[in-house]
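Trainee: predicted model follows, preceded by the sequence.
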Amino acid sequence: MKRIGILTGGGDAPGLNAVIRSVVLTAKYRCGWEVVGIREGYDGLLAGNPPVVLTEERVRDLLPRGGTILGAVNRGNPFVRVVEREDGTVDYLDVSEEAIRRMEEHRLDALIVAGGDGTMAIANKLVPLGARIVGVPKTIDNDLDQTDVTFGFDTAILTATEALDKLQTTAESHHRVMVLEVMGRNAGWIALKSGVAGGADAILIPEIPFDIAVVNDKIRALRAAGRRYSLVVVAEGAAPIGGDQHYYIKGDGLMQPRLGGIGYLVGNLIAEGIDGDVRVTVLGHLQRGGQPTPRDRWLATQFGAEAIQLILDEKWGHMVALHGSTLTSVPFADAIKLKFVDPNGTLVQMARNLGIVFG
């Protein structure tokens, strides 16, 4: 019997539990293998957390559950282990050999990592050291290259679109401008897709630096035409022309920088430029939570089953990918590149043809 490990790295996403369930069931019924879970991602692996034996009974009801029963953390890079000295200074140590040793201690014949570009980048460096790892793409931002879509994205779009639907009714009632800040550090896929689906008048994304005057002109034009409310969607990584992304935590050696607050900045700039009432809503981690959509459950189940196939084929250093309707695999080295919205692409042009402005 083979003993397969699985860990979930980076931020959580709807569908992670569905991946875990799919891996466990496929490993059991197709191969007769045992699956154990590594809690708290790479950080838990380095800490030597005892693996959790994942039986069919333990994963039976995971399909509709959001989050991950294994926990997910944005730290634990074994190649850059942060160690704080007594005097307050910080050292960065390479403890990758410790990660390999932990896999051996856990008697893992292979390890499945579910995560985004950071998780895959770490796996890509562990494989040459002898680790037998395959990957499953996960990010609500849908910004992982070499796969058409990642699970969690559909649920995030639904959450953001439903928020816009609700904001539209109260915006219309009070004749307000509603600004909705959504996730999207480097890529504006959530803002673009939910903005179009939710009837936004302006969409601000990281790929297109914005001029707030363009947004305000759009709002004035709508008012002149008789519509007294407007909807503006802002990705957290959006920035004005010549300006920088907005961080509410700058970060240091022990804490990662965190984007946030661009929605309020945009709201204030709109309020300064027009004569009207502006309100800002930051959707935040609501986009990560809740039940995954049927599409995300289906995709996560496919990805989990395909990860077992990669192990059977001994395709170490490869990640499951979706190309069109076909499941395939790509090397980690190719998968860790980011996928951006094309500012001159057909999707943005379609939105512009609908009258949506991008600043």
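Mentor: Now that the structure is in, tell me what you want to look at. Numbers count the residues shown, from 1 in each chain.
Trainee: ok, and what's touching stretch 163-175?
Mentor: Stretch 163-175 is contacted from outside by 176-178, 180, 194-195, 197-200, 228-231, 233, 276-277, 279, 281, 283, 286, using CB atoms under 8 Å, 6 or more residues apart in numbering. (Each C-beta comes from the backbone N, C-alpha and C, glycine too.)
Trainee: out of those, name the ones that lie in strands.
Mentor: Among those, DSSP state E puts 176-178, 180, 230-231, 233, 277, 279, 281 in strands.
Trainee: give me the buried subset of those.
Mentor: Using 16 or more other CB atoms under 10 Å as the burial test, these include 176-178, 180, 230-231, 233, 281 as buried.
Trainee: report the two of those separated the most.
Mentor: Arg176 and Val233 (15.0 Å; CB to CB).
Trainee: which residues in the stretch 51-200 of the chain form helices?
Mentor: Counting by DSSP state H, counting those that start in this stretch, one finds helices in the stretch 51-200 of the chain at the ranges 56-59, 96-105, 117-126, 153-174, 189-197.
Trainee: show me how far the last one is from its chain's centre.
Mentor: Distance of helix 189-197 from the chain centroid (CA atoms, centre = their mean, to the nearest Å) equals 15 Å.
Trainee: can you pull out the low-pLDDT segments for the stretch 151-300 of the chain?
Mentor: For the stretch 151-300 of the chain, residues meeting the criterion pLDDT under 70 lie at 251-256.
Trainee: what helix or strand does the closest residue to Ile38 other than its chain neighbours sit in?
Mentor: Distances taken as CB to CB, 6 or more residues apart in numbering put Leu7 closest to Ile38, at 3.9 Å, once the chain neighbours are dropped. Using DSSP states H and E, the element containing Leu7 is strand 3-8.
Trainee: what's the first helix or strand after that strand?
Mentor: Downstream of strand 3-8, the next assigned helix or strand under DSSP H and E is helix 16-26.
Trainee: output that next one as CSV, nothing but the C-alphas.
Mentor: What follows is helix 16-26, C-alpha atoms only, in CSV (Å, rounded to 0.1, in the frame of the first residue of the first chain):
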residue,chain,number,x,y,z
LEU,A,16,-10.3,22.7,-1.1
ASN,A,17,-12.2,20.2,0.9
ALA,A,18,-13.7,18.8,-2.3
VAL,A,19,-10.1,18.2,-3.5
ILE,A,20,-9.2,16.4,-0.3
ARG,A,21,-12.3,14.2,-0.6
SER,A,22,-11.6,13.4,-4.2
VAL,A,23,-8.0,12.4,-3.5
VAL,A,24,-9.0,10.2,-0.6
LEU,A,25,-11.8,8.4,-2.4
THR,A,26,-9.8,8.0,-5.7
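Trainee: buried stuff in the strand holding Leu7?
Mentor: 3-8.
Trainee: other SSEs contacting it?
Mentor: With contacts taken as 3 or more CB pairs under 8 Å, 6 or more residues apart in numbering; DSSP states H and E, strand 3-8 sits against helix 16-26, strand 34-38, helix 41-47, strand 110-115.
Trainee: try 6 Å
Mentor: Identification of packing neighbours for strand 3-8 by 3 or more CB pairs under 6 Å, 6 or more residues apart in numbering; DSSP states H and E yields strand 34-38, strand 110-115.
Trainee: quick check: which of those is nearest to Leu25?
Mentor: strand 34-38 (9.2 Å).
Trainee: and that closest one, which strands flank it?
Mentor: strand 3-8 (parallel), strand 52-53 (antiparallel) (DSSP bridges).
Trainee: any chance you could list what contacts the first one?
Mentor: Strand 3-8 is touched from outside by 16, 23, 27, 33-38, 41, 68, 70, 72, 107-114, with contacts defined as CB atoms under 6 Å, 6 or more residues apart in numbering.
Trainee: hmm, who's touching stretch 78-88?
Mentor: Contacts of stretch 78-88 (CB under 6 Å, 6+ apart): 46, 90-96, 99, 125.
Trainee: which of these sits closest to Arg220?
Mentor: Val90 (50.1 Å).
Trainee: quick one: that closest one and Val80, what's the gap?
Mentor: Val90 sits 11 Å away from Val80, going by CB to CB, to the nearest Å.
Trainee: quick revisit: would you turn the ones in strands among the contacts of stretch 163-175 into CSV with distance to Leu310?
Mentor: Formatted as CSV, the ones in strands among the contacts of stretch 163-175 follow (distance: CB to CB, whole Å):
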residue, distance to Leu310
Arg176, 50
Val177, 49
Met178, 45
Leu180, 38
Ser230, 47
Leu231, 43
Val233, 37
Asp277, 54
Arg279, 48
Thr281, 41
